[in-house]
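Asks: Have a look at this prediction, sequence included:
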Amino acid sequence: MRLVFFGNPDFCKYPLLSIYKSDYKLLSVVTNIDRQSGRGLNISSTYVKQKALELNVPVIETEDVNSESLYQTLTDLKPDIFVVVAFSILPDRILDIPKKCSINIHPSMLPKYRGSSPIQYALLNGDKKTGVTIIDMNQNVDSGNILEQKEMEVPNDVNFGYLYEKLGILGSKLLLEVIDNISNDRLNIKIQDHDKKTFAPKIKKSQYKINFDQTGLKVYNQIRAFDPYPGAYGILNGKRIKLFGVKIFSENDYHDNEVGQLIINGKLLLIYVGRITLSISKIQVEGKKRVEASDYIKGLNHKETLIVK
């Protein structure tokens, strides 16, 4: 089977490596062109480009998936399958190029959480289970026929970084199964129940701001959903303060602490969020580096009441 891989971020790591190490022919990767990023506006390449160059896999860079040049380049490769992971929406004429099909790895149990942020929404909503779906792509976002799905448990104390990694690994294993089924014409295709669809749209920057008016459990989930990047934050003494590595320290708390109050308990830094007290392992004050909470405590006035808003 002759494959072309489309992708940009490091979520592509395991699927890309699984194809590279397989018996299938990886013809090329398609990824975004280099762009300026960061405060210094330095030119940076996508993870997929960097990894492909490391593996000596040909790279096709694009800034327009509708361009004639991209269409012709891909057509000339005579691919059997396009594998698409965390990439732009592709037009029908691109999706129709492969001899077999164009498939996509999506980190949710479709039709739940169609869109670009399924992992974050699974955590924000406190889901106990999530998973990976591989679909036969069409031009409508995440609505194609299901070729395979695999569910996994979501432990209560994990964050975005954990799920991102685990779902990438799960997706890579499922991908090889699907490609093998395609090559042997033994697919068990399932049509999505579109009446049960839900959405996980692109996360807005405003969602990183911790809402202390919601329940303590929802605050906990909000912090987990944006850990380790970009970090959920509150405001303390006029500056943003990001919280990382939160765990539930105690539940059903009834005491005189204010919601958002930081509490020093020996070497532990706690925050009260309404009937729940959370422990914080790392913290980042605006303009400073991320530090261990135990080091942050050393610089505090232990007699001062600190309320994160």
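Replies: Structure received. Residues are numbered from 1 along each chain as shown.
Asks: where do the strands sit along the stretch 151-300 of the chain?
Replies: Counting by DSSP state E, counting those that start in this stretch, the stretch 151-300 of the chain has strands at residues 232-236, 239-244, 247-251, 262-265, 268-272, 276-280, 282-285, 291-292.
Asks: Most tightly packed of those strands?
Replies: Highest mean neighbour count of these: strand 268-272, a mean of 22 (counted as mean count of other C-beta atoms under 10 Å). Just so you know, the C-beta spots here come from the backbone N, C-alpha and C atoms, and that holds for glycine as well.
Asks: same for that strand, what does it pack against?
Replies: For strand 268-272, the packing partners by 3 or more C-beta pairs under 8 Å, 6 or more residues apart in numbering; DSSP states H and E come out as strand 262-265, strand 276-280, helix 293-298.
Asks: hang on, the earlier thing: can you lay out the strands of the stretch 151-300 of the chain as TSV showing mean pLDDT and distance to Gln50?
Replies: TSV is the format used below for those (pLDDT from 0 to 100; distance: least, C-beta to C-beta, whole Å):
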stretch	mean pLDDT	distance to Gln50
strand 232-236	97	29
strand 239-244	97	26
strand 247-251	94	34
strand 262-265	91	40
strand 268-272	94	36
strand 276-280	96	33
strand 282-285	97	26
strand 291-292	96	29
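Asks: now these in CSV, with distance to Asp92?
Replies: Below are those laid out as CSV (distance: least, C-beta to C-beta, whole Å):
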stretch, distance to Asp92
strand 232-236, 39
strand 239-244, 42
strand 247-251, 47
strand 262-265, 54
strand 268-272, 50
strand 276-280, 48
strand 282-285, 45
strand 291-292, 50
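Asks: So which of the ones you listed is nearest Gly216?
Replies: strand 276-280 (3.2 Å; C-beta to C-beta).
Asks: That closest one versus strand 239-244: what angle between them?
Replies: 90 degrees (axes from the mean of the first three to the mean of the last three C-alpha atoms, to 10 degrees).
Asks: Beta-bridge partners for Glu292, please?
Replies: Beta-bridge pairing for Glu292 (DSSP bridges): Lys282.
Asks: My guess is it contacts Lys282. True?
Replies: Yes - under the criterion of C-beta atoms under 8 Å, Glu292 makes contact with Lys282 at 6.0 Å.
Asks: right, and the helices and strands packed on strand 268-272 - which one's nearest Asn221?
Replies: strand 276-280 (11.0 Å).
Asks: Which other helices and strands does that closest one contact?
Replies: helix 216-225, strand 247-251, strand 268-272.
Asks: can you give me the angle the longest one makes with strand 268-272?
Replies: An angle of 130 degrees separates the directions of helix 216-225 and strand 268-272 when computed by the same axes, to 10 degrees.
Asks: How many residues are close by Lys78?
Replies: 11 (other C-beta atoms under 10 Å).
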